[in-house]
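1. what follows is a protein structure lacking sequence information:
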C-alpha cells in the first residue's frame, strides 16, 4: 500500500525535489500532500522559510493532524534550507549572545523590532559554527522548539545546506564542498541562460525547469548523497520515519540527524 506523506516546504521546487527523492529512497511511488505552502501560495502562513516556521509554531498538534485527514498521513517531512541560519537574524533571536528586551517573550517572526529593522542580532552568530553541522543543528533546534512537545516518531525535520539547490549542483557538477557554497542557484545554476543545456530564466525558479533537475537528482542520487551530507541524512531520516522499529534496529539507523 502506498504511504501518504505530508510535506512542509519552503516552496514548490523544494517540494518537487523532496517527493522525487523519497520515491527514489523507498523504491515506490508514494502519495503526497503539500501541507505548506498551500497550492495558491497565499495561505494562512505565507510561503518561504517564514511560512515553514509559522506552520510549526501555529499547528496545534501535528500528530493529531496526521490522523484527522483522510486517508491518514503516515509521515511528515518538514524542510527549511540552511541559508536561513546563515543570513536571517530572526533565526538567532534566542541565542546566548543576543541581548534584547523582547528576547524569549515574542516569537521572532512577530517581533516589531525586526519589522522596523532594529533587530540587535549580529551575524554571523557568535554562538554557532558557520559550517554545515552548526546550520543543521540550529535549524533543527528552532523548528523543534516551535513544534513543542510532539512525538517525532513519524516526523522529520530536514535542513538542506545551503539549500536544495546544492543537491541539484551535486547531481550535475564535480564541485567539492558544494554545501558550503552560498546561494548555489544564483552563483552556479542561474549564472548563465543555460545550465547543462537546460534553460534557466534568471533568478526565478519554476516547476518546469525543476522537473528536469529533480529527475537528474533522482537518477544520480548516489552521487548526491556522496557529495551532500544533508542528502544522506535525509535518506536515513526517510527510512526512519517510514520503517518499523524492528527494521530501524536492523539497519542501525538513528532517530536523529547525525553528521
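-> Okay, I see it. None of these values were measured; they are calculated from a predicted model.
2. give me the contact list for stretch 81-100.
-> Stretch 81-100 has contacts (Cβ atoms under 8 Å, 6 or more residues apart in numbering) with 10, 14, 49, 103-104, 108-109, 111, 113-114, 119-128, 130, 132, 134-136, 138-139, 142, 145, 159-164, 179, 182-183, 230. The way it works is simple: take the backbone N, C-alpha and C, and place the C-beta from them, glycine included.
3. in it, what's buried?
-> Within stretch 81-100, the residues that count as buried by 16 or more other Cβ atoms under 10 Å are 81-86, 88-95, 98, 100.
4. what is the end-to-end distance of it?
-> 26 Å (Cα to Cα, to the nearest Å).
5. which residue ranges of the stretch 51-200 of the chain form helices?
-> 62-68, 83-87, 112-115, 132-147, 165-172, 184 (DSSP state H, counting those that start in this stretch).
6. quick check: mean pLDDT of the third one?
-> What it means is helix 112-115. Confidence for helix 112-115, expressed as mean pLDDT, is 86.
7. likewise the fifth one?
-> The predicted model assigns helix 165-172 a mean pLDDT of 98.
8. contacting residues around the next helix or strand after it?
-> Later in the chain than helix 165-172, the nearest helix or strand by DSSP states H and E is helix 184. With contacts defined as Cβ under 8 Å, 6+ apart, helix 184 is touched by 162-163, 165-166, 168-169, 178.
9. how about 7 Å then?
-> 162-163, 165-166, 169, 178 (Cβ atoms under 7 Å, 6 or more residues apart in numbering).
10. and for residue 238, the neighbour number?
-> Neighbours of residue 238 under the rule other Cβ atoms under 10 Å: 22.
11. cool, and residue 148?
-> Residue 148 has 12 nearby residues by other Cβ under 10 Å.
12. distance of it from residue 229?
-> 28 Å (Cβ to Cβ, to the nearest Å).
13. could you identify which of the contacts of helix 184 has the most neighbours?
-> Neighbour max across the contacts of helix 184 (other Cβ under 10 Å) = residue 166, 30 neighbours.
14. and that residue, what does it touch?
-> 160, 178-179, 181, 184, 228.
15. for residue 144, same thing?
-> residue 157 are the contacts of residue 144 under Cβ under 7 Å, 6+ apart.
16. then residue 156?
-> 77-78, 237, 241.
17. okay, now the closest residue to it other than its chain neighbours: neighbour count?
-> Leaving aside its sequence neighbours, residue 156 sits nearest to residue 237 (Cβ to Cβ, 6 or more residues apart in numbering; 4.2 Å). By the criterion of other Cβ under 10 Å, residue 237 has 22 neighbours.
18. per-residue pLDDT, residue 237?
-> For residue 237, the pLDDT comes out at 96.
19. again with residue 232
-> Model confidence at residue 232, given as pLDDT, is 97.
20. may I ask you to confirm that it belongs to a helix?
-> Yes - assessed by DSSP: H, G, I helix; E, B strand; the rest coil, residue 232 belongs to a helix.
21. report the separation between the residue of the chain most remote from its centre and residue 88.
-> Distance from the C-alpha centroid of the chain, by Cα atoms, centre = their mean, peaks at residue 101 (30.3 Å). Computed with Cβ to Cβ, the distance linking residue 101 and residue 88 is 20 Å.
22. separation between residue 21 and residue 69?
-> Counting by Cβ to Cβ, the gap from residue 21 to residue 69 is 23 Å.
23. what does residue 126 give?
-> In terms of Cβ to Cβ, residue 126 sits 43 Å off from residue 69.
24. re earlier: let's see which of the buried residues of stretch 81-100 end up in strands.
-> With strands defined by DSSP state E, no entry of the buried residues of stretch 81-100 lies inside them.
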